[in-house]
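S.K.: model this:
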Amino acid sequence: MTRKIVYLEWSDAVANSNWAETKTAEHWADESNFFVQTIGWIIKETKNYICIAASWKEEDDLCDEKFASLQKIPIGWIKKRIDLTKYIQ
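M.R.: Down below sits the predicted model:
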C-alpha cells in the first residue's frame, strides 16, 4: 500500500504563563507566533483536521502497518501544503 506524504506549514497555538501588564499582554498577543514546518505520512484527513505520522512501517508478513510520532493538525491552521508523494515512489 502506498501512503501519501505531505509537507505542511502551519501556525500552532502558543501560550505564555507569565504575569503581564495589559500593554505587555496585548503586545505579546499581536507579535507571538509559533510557525511550524512538518513532513509526514497522511493517516486520516477530514474537513476539520489532518492526522500525520513522522514514521511509517508498511504491513508485511511479520506485522501489521504501524505509525510513530503522530500529529493531529486543525485544517484551519495550515497555511501551505505540498504533496511529496511523487518524490518518494
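S.K.: Determine how far the last residue of stretch 27-45 lies from the first.
M.R.: 35 Å (C-alpha to C-alpha, to the nearest Å).
S.K.: Buried residues in that stretch, which are they?
M.R.: By neighbour count on 16 or more other C-beta atoms under 10 Å, the buried set for stretch 27-45 is 38, 40-43. Just so you know, the C-beta spots here come from the backbone N, C-alpha and C atoms, and that holds for glycine as well.
S.K.: try stretch 77-89
M.R.: Buried residues in stretch 77-89 (16+ other C-beta under 10 Å): I78.
S.K.: dump the residue contacts of the most centrally placed residue in the chain.
M.R.: Centroid-nearest residue in the chain, with C-alpha atoms, centre = their mean: I73, separated by 4.8 Å. I73 makes contacts with 8, 10, 38, 49-52, as judged by C-beta atoms under 8 Å, 6 or more residues apart in numbering.
S.K.: ok, now S55?
M.R.: 67-69.
S.K.: low pLDDT regions in the protein?
M.R.: 1, 89 (pLDDT under 70).
S.K.: For this structure, just list every one of the strands.
M.R.: 5-11, 35-45, 49-57, 66-74, 78-83 (DSSP state E).
S.K.: Make JSON lines out of those and add distance to E21.
M.R.: Below are the strands of the chain laid out as JSON lines (distance: least, C-beta to C-beta, whole Å):
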{"stretch": "strand 5-11", "distance to E21": "26"}
{"stretch": "strand 35-45", "distance to E21": "26"}
{"stretch": "strand 49-57", "distance to E21": "36"}
{"stretch": "strand 66-74", "distance to E21": "31"}
{"stretch": "strand 78-83", "distance to E21": "31"}
